[in-house]
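Chemist: task: produce atomic coordinates for the following.
(one chain, ligands or ions: 1)
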Amino acid sequence: VNHHYRDITDKLGSPLWWDENAVPRYCEFHPDHTANIYAREAVLLHIQCQSCGASFKVCMSQGASRVNWVRTNTDGPVVLYPTLAESVKDLHYGDPPNYGCCPAGPTMNSVPREVLKFWRREHADWERVPELEVAIEAEWFV
Ligand SMILES: [Zn+2]
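Modeler: Numbering: from 1, shown residues only. Prediction:
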């Protein structure tokens, strides 16, 4: 369950999007505004509450320090932290923002629906990656 952040939403109303920590955000989404200032990849994801179907726009990011860590086990190399690009069809935000969409909502899962914006950077400059802005089929949710 994410924090409700009512101290913020009571003052400012409905946010435009929610960051990686489900904190409400009111600026237009840009990867410079993610919670992770070391992010090398950032996505704006459309998700829905698994209980009531309420829609949220949320951010997921990945920093250079976690990208492509590989461990070798008996079956060969295992990528512990694939990049967002590598896992774009399997992105999963987890608990939806705690914004009172329904009584059970904050304790429910969220269903990923679409990558609305995909950004990445090698160094300082962010670039959009439209070919990774795709619909997500959550096969585990039927
Ligand atoms: Zn809900």
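
Chemist: so what pairs up with Phe118 in the strands?
Modeler: Following DSSP bridges, Phe118 is listed with bridge partners Val43.

Chemist: burial check on it, number of neighbours?
Modeler: 23 (other C-beta atoms under 10 Å). For the C-beta atoms, the positions are set from N, CA and C on the backbone; glycine is no exception.

Chemist: for it, list the residues it contacts.
Modeler: 41-43, 84-85, 88, 128-130, 132-133 (C-beta atoms under 8 Å, 6 or more residues apart in numbering).

Chemist: so which of those residues are in helices?
Modeler: Per DSSP state H, helices hold no members of the contacts of Phe118.

Chemist: contacts with the ion among those residues, please.
Modeler: Checked against the ion using C-beta under 5 Å from the ion, the contacts of Phe118 yield no neighbours at all.

Chemist: show me which of those are buried.
Modeler: Buried by 16 or more other C-beta atoms under 10 Å: 41-43, 84, 88, 129, 132-133, out of those.

Chemist: what about the strands in the protein?
Modeler: Using DSSP state E, the strands of the chain run over 17-18, 24-25, 39-49, 55-63, 70-73, 76-79, 110-120, 127-128.

Chemist: how confident was the prediction at the closest residue to His3 other than its chain neighbours?
Modeler: In this structure, His3 finds its nearest non-sequential neighbour in Asn98, 6.3 Å apart by C-beta to C-beta, 6 or more residues apart in numbering. Asn98 carries a pLDDT value of 96.

Chemist: ok, Arg66 next?
Modeler: pLDDT at Arg66 comes out at 57.

Chemist: what does the one 10 residues further on give?
Modeler: Confidence per residue is given as pLDDT, and for Gly76 that number is 83.

Chemist: count the neighbours of it for me.
Modeler: Neighbour tally, Gly76, other C-beta under 10 Å: 7.
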